[in-house]
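Colleague: starting from these lines, generate the structure:
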Amino acid sequence: MMRFAKCILSLAIVVAVGFSGGIAVAADAPAPKAKADTKTVLKKAEAPAPAPKVMKVGDAIGTLPTQDMEGKPLDLKDLLNTGVLNVIAFTNSACYSCGAESALLASLKGKHGDKINLVGVVVDISPNSYKVLPDAVKKEFRFVHDRMFKMTPLFGFDSTPATALVKNGKIIDLKSGFKPDESEEFAGYIEKNL
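Modeller: A predicted model of the protein is given here:
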């Protein structure tokens, strides 16, 4: 019974004294050790991770970890060539326009040879999805797999097809979308940047 009375008394003191920084303080309790403020801890836990920096025209291409189509880690930057136009084409197997854009880019690579370097970023859960492209297209590209959909937002894109033009390590233009009926305009856009 005596124990019960002490518990009730301690509870009454805690309620009467209140909480200080999230820690209950009883009159006869030893001073609490320094602890983080509960509200601060909760705010830190609830704070969203900072959004990744979105690249824009004029930015240098930094480290962009990804993986090849077999799942081996690599850096997208290592696939870019100095002194030529690097076309990074974001593609998806369920996107008709992506296939049409890839075919047009492959034909431009055939026409201009080493003046263009094509890198295809396959934005798909399955690494096998790029295999639906014709062999003539696949042979002109070096493909990487963006299985977790992390690369596209870094370039400011939220859909495919999308294209980033890179020359001498810097982004010279970003273009979202492709309309197959505007193929001539798109070809001119690429050739203008050679």
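Colleague: distance from the chain centre to stretch 100-113, please.
Modeller: Centroid separation for stretch 100-113 versus its chain: 26 Å, with CA atoms, centre = their mean, to the nearest Å.
Colleague: pull the CA atoms of it into CSV?
Modeller: Extracted as CSV, the C-alpha positions of stretch 100-113 are listed here (Å, rounded to 0.1, in the frame of the first residue of the first chain):
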residue,chain,number,x,y,z
ALA,A,100,10.9,6.6,-83.0
GLU,A,101,13.3,9.1,-81.4
SER,A,102,15.9,6.3,-80.9
ALA,A,103,15.6,5.2,-84.5
LEU,A,104,16.1,8.8,-85.7
LEU,A,105,19.1,9.3,-83.5
ALA,A,106,20.6,6.0,-84.8
SER,A,107,20.2,7.2,-88.4
LEU,A,108,21.9,10.5,-87.5
LYS,A,109,24.7,8.6,-85.9
GLY,A,110,25.0,6.6,-89.1
LYS,A,111,25.1,9.8,-91.1
HIS,A,112,27.5,11.8,-89.0
GLY,A,113,29.6,8.9,-87.5
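Colleague: could you pull up the mean pLDDT of that stretch?
Modeller: Mean pLDDT, computed over stretch 100-113, is 96.
Colleague: in it, what's buried?
Modeller: For stretch 100-113, the neighbour count (16 or more other CB atoms under 10 Å) marks 100-106, 108-109 as buried. C-beta coordinates here come from the backbone N, C-alpha and C atoms, glycine included.
Colleague: lovely, talk soon.
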